[in-house]
Each structure stands twice: as structure tokens, then as C-alpha cells.
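Trainee: any chance you could fold what I've pasted below:
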Amino acid sequence: MKAYILALSLAAVTSLPLGAQTPEATLDRATKAYDGVKTVRATFTQSVTNPLTGTESKARGEFVQQRDRGRLAIRFTDPAGDRIVADGKFVWVYLPSTNPGQVIRMRAGSGSTGTPDVTAQFLDAPKGRYTVTDAGRASVNGRAARALVLVPRGDSIPFRKATIWVDDADGLVRQFEVTEESGLVRRVTITSMQPNVTVRNSSFGFTPPKGVKVFDQG
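Mentor: Numbering: from 1, shown residues only. Next comes the predicted model:
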């Protein structure tokens, strides 16, 4: 959708109360807000539920992102030491809590790796990729939000459905939940966020620890 068409669409709905906006209008707000974010520093929590075993694992951490250079650094504080780093050339996956002694290295942009981004999978040309429905009002960390359910239109998207929570105040996605093809349900909640802040290039450096074996994929 061309930028001026999107701008006209948004102008038409800004006079409506947020509660009266259509799911498409809310998605437009989220897309516009996402387009305006170039860098971000945030903290998060994550839960992964396996309905087959009835188990749930939890994690928390922080991430910094530089979207225009394809850089992303996720550092887990629980489990401590786990890291996922995209330095613009490679994506490094180091998860000693579950796979000690190894690092997975993938070339960015190859295969399914794509350009690392936290919410691009939901907000990159979403109307052509998803059927969107309203999921009601909600509160995420005390912030008013509206939930949207996104169901993939084709088989190219590797999950069954996703729910995103769009902040009333700034239009940013504050929480998302993905039901994967395996049935696993992954929910990520952004507990704090600072968009368009200065981030250091050193934030995206990764050197495999001594004695750790590097496995190349993709």
C-alpha cells in the first residue's frame, strides 16, 4: 500500500474513539507506528506452553534493535547467558541453558532467517498476508490496548495464528502470542520500551566463547 494511501486511511479514522475503530484501522495504526521506529531498547518476558505435555517454560531478558541495518541483540537474564544476536551479516544463536557447548550460526537473509525483526512478521504488508479480526480490549502492563487476531492466508507463514496487542496511546505492539504449527503457544510481553534511542554498535557484537563449537546452518 502506497504511503499516501495509508496516510489518508489513517486520517479518516483518527477522529473515531479507539474503541470504535475497525480491526483494519487498528492494524493501520500499528503499521504506521512500526514504520516510525528505527531503533528500540526494551525488556520482555516470554512464556512457551506445550498443550500436549501441559508444561510451560518462562524466560525474561532485554533486547536492542537497529532495524535499518538488520541488527538485533537479545540477551536473556533468565535463563542467564542465553543470547541471540544478529550483527547484520550473521545470526548467532547461543543457548547454553538447553544446548551447552554449541553456537548456531546462520547467514542473515538466507533461507527462513530473513531480516531479524521482533514484530516485522506481523506488520510487514499484513493485510495481504492475514485475515484480521478483533479480539477485544485488554491491558498490558497497565497500558490500555486492543487485541487483534491474525490468521495466515497462505501456507508460507510458519504458524497457525497470532494475536497482537496494540497500544492505545502510541500504536506499538506491546504483546504478541503465536500458536505454532506444532501446537506450542509462545507469548512475548514487552515490559518496557524505548523507541528511537541511540544504540551502540558494540551491542551487536558476538564472539563465540572459548571451547564452544560453531555449527553453520543455511
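Trainee: low pLDDT regions in this protein?
Mentor: 1-20, 109-116, 218 (pLDDT under 70).
Trainee: now the helices: where do they sit in it?
Mentor: Secondary structure of the chain (DSSP state H): helices at 3-13, 23-35, 120-123, 126-129.
Trainee: for the closest residue to residue 55 other than its chain neighbours, list each beta-bridge partner.
Mentor: In this structure, residue 55 finds its nearest non-sequential neighbour in residue 49, 7.5 Å apart by Cβ to Cβ, 6 or more residues apart in numbering. C-betas here are computed from N, CA, C, even on glycine. In this entry, residue 49 is beta-bridged to residue 56, residue 185, by DSSP bridges.
Trainee: check the gap between the nearest residue to residue 61 once chain neighbours are set aside and residue 152 for me.
Mentor: Closest residue to residue 61 in three dimensions, ignoring its sequence neighbours and counting by Cβ to Cβ, 6+ apart: residue 76, at 3.8 Å. With distances taken as Cβ to Cβ, to the nearest Å, residue 76 is found 28 Å from residue 152.
Trainee: look at those two and report which has more neighbours.
Mentor: Comparing residue 76 with residue 152 by other Cβ atoms under 10 Å, the one with more neighbours is residue 76, at 20 against 15.
Trainee: that one touches residue 82, doesn't it?
Mentor: Yes - at 3.9 Å, residue 76 and residue 82 qualify as touching, with contact defined as Cβ atoms under 8 Å.
Trainee: now for the two: what residues contact both?
Mentor: 59, 61, 97 (Cβ atoms under 8 Å, 6 or more residues apart in numbering).
Trainee: out of those, who has the most neighbours?
Mentor: residue 61 (19 neighbours).
Trainee: residue contacts, residue 49?
Mentor: For residue 49, the contacting residues are 55-56, 184-187, by Cβ under 8 Å, 6+ apart.
Trainee: can you pick the most crowded of these?
Mentor: residue 185 (19 neighbours).
Trainee: from residue 34, how far out is it?
Mentor: As for residue 185, its distance to residue 34 is 23 Å (criterion: Cβ to Cβ).
Trainee: swap in residue 65?
Mentor: Taken as Cβ to Cβ, the span from residue 65 to residue 34 is 12 Å.
Trainee: so for these two, which sits in the more crowded spot?
Mentor: residue 65 (25 against 22).
Trainee: and the residue nearest the centre of this structure?
Mentor: residue 118 (2.7 Å; Cα atoms, centre = their mean).
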